[in-house]
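> what shape does this take:
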Amino acid sequence: MHRNTILVFGKNGQLGRAFQEAYAHESQVIFLGRSECDLSRNEQIQHALETYQPQIILNASAYTAVDRAEQEADLADQINAQAPKIMAQYMSKVPSGQLVHYSTDYVFDGSKVSPYHEEDLTNPLSQYGKSKLAGEQAIQEAFISQPNNSAKYFILRTSWVYGDGGNFIQTMLRLASERESLKVISDQFGVPTSAQWLAQITQQILVQQLPSGIYHTVPDGETSWHGLASFAIQTAIAFGLTVKVNPLAIQAIPATEYPLPAPRPYNSRMNNHKLKQALQIEQFLYWQDEVRAYVKKTVSK
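The predicted structure follows:
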């Protein structure tokens, strides 16, 4: 075994790119994308695990096409549930091994009026959410079946992720430069999460050797899609971006005016107290701090 080898699946996604930046000077980190390991093919996953024999797996890969998953439920289940199951079955047998897997607010139905805790009842509305929940359950079952081992798993539920790649903030900045009016959903609430922040928190979790389990991994604060769009555009203007839209006149609309194939939870807010307590951190950065830094970097490119 290659002691302390870290294997990262999903190198080309937003989180995968954040890990490439975070581990830029580490020689023991191996990054795999679809061309190196297609997670829809179990034999390729097994081959990668046997070849690299990792001590740590960071599964930053996922089927994230929420609407397309309604028609491609089997593919979503393979990538979001079966692939992590294989990773978990492998890592649960590795002494002191660690598996980090990223899940989503979409495992909840959004009917709760306050932020979700880790132990709250799950009830995914979409095929995507169902596949992600199945992945969580498969990982837990794999580790429960190896109760005497020192291996650990961390299921990090997060939401509204943005980073290097296509995302909501990038779309809003582009539309603000092209259009004089914008309509954005204002009755769905959550916590925007920077991929870079998520990578940094992951590194802290690995270093501090937290107990296995599910952790809600989001910054502090909350907002709506409308609130995020308005803040991102106002911030971009402050950093010199020329836009056509008036950021104070972005029209707030209900989600019913923008129907999509897959239903979304209205409440995606997750309580991050458990993770703060485990890391012995009193306060995380607020989502606005991360968005501000991201927009500044984006505008200055």
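> state the helix or strand in which residue 39 lies.
Following DSSP states H and E, one finds residue 39 outside all helices and strands.
> next one, pLDDT for it please.
You'll see residue 39 listed with a pLDDT of 92.
> ranges for the helices of the stretch 51-200 of the chain?
73-77, 83-91, 127-144, 168-178, 195-208 (DSSP state H, counting those that start in this stretch).
> looking at those, which is buried most?
Burial of these is given as mean neighbour count (mean count of other CB atoms under 10 Å); helix 83-91 ranks first at a mean of 24. No exception for glycine: its C-beta is placed from N, CA and C like everyone else's.
> and the angle from it to helix 127-144?
Angle, helix 83-91 to helix 127-144, by axes from the mean of the first three to the mean of the last three CA atoms, to 10 degrees: 10 degrees.
> and helix 83-91, what does it pack onto?
Helices and strands touching helix 83-91, by 3 or more CB pairs under 8 Å, 6 or more residues apart in numbering; DSSP states H and E, are helix 42-52, strand 56-59, strand 98-104, helix 127-144.
> if we use 10 Å, what do you get?
In terms of contacts (3 or more CB pairs under 10 Å, 6 or more residues apart in numbering; DSSP states H and E), helix 83-91 is packed against strand 6-9, helix 42-52, strand 56-59, strand 98-104, helix 127-144, strand 152-158.
> looking at these, which is nearest to residue 116?
strand 152-158 (8.4 Å; CB to CB).
> other SSEs contacting the closest one?
strand 56-59, helix 83-91, strand 98-104, helix 127-144, strand 193-194, helix 195-208, strand 213-216, helix 273-279.
> which strands or helices does the third one pack on?
In terms of contacts (3+ CB pairs under 10 Å, 6+ apart), strand 98-104 is packed against strand 6-9, strand 56-59, helix 83-91, helix 127-144, strand 152-158, helix 195-208, strand 213-216.
> same thing but at 8 Å, please
Looks like strand 98-104 contacts strand 56-59, helix 83-91, helix 127-144, strand 152-158, helix 195-208 (3+ CB pairs under 8 Å, 6+ apart).
> return the first one as PDB; C-alpha atoms alone will do.
Spelled out, that is strand 56-59. This file holds the C-alpha atoms of strand 56-59, laid out as PDB (Å, rounded to 0.1, in the frame of the first residue of the first chain):
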ATOM      1  CA  ILE A  56      -7.900   8.400   1.600                       C
ATOM      2  CA  ILE A  57     -10.600   8.800  -1.000                       C
ATOM      3  CA  LEU A  58     -12.200  12.100  -1.800                       C
ATOM      4  CA  ASN A  59     -15.200  11.400  -3.900                       C
END
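> given it, what are its sheet partners and their directions?
Strand 56-59 pairs in its sheet with strand 6-9 (parallel), strand 98-104 (parallel), by DSSP bridges.
> could you dump those to TSV with mean pLDDT, distance to residue 49 and mean neighbour count?
Converted to TSV, those look like this (pLDDT from 0 to 100; distance: least, CB to CB, whole Å; neighbours: other CB atoms under 10 Å):
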stretch	mean pLDDT	distance to residue 49	mean neighbour count
strand 6-9	96	8	24
strand 98-104	97	11	25
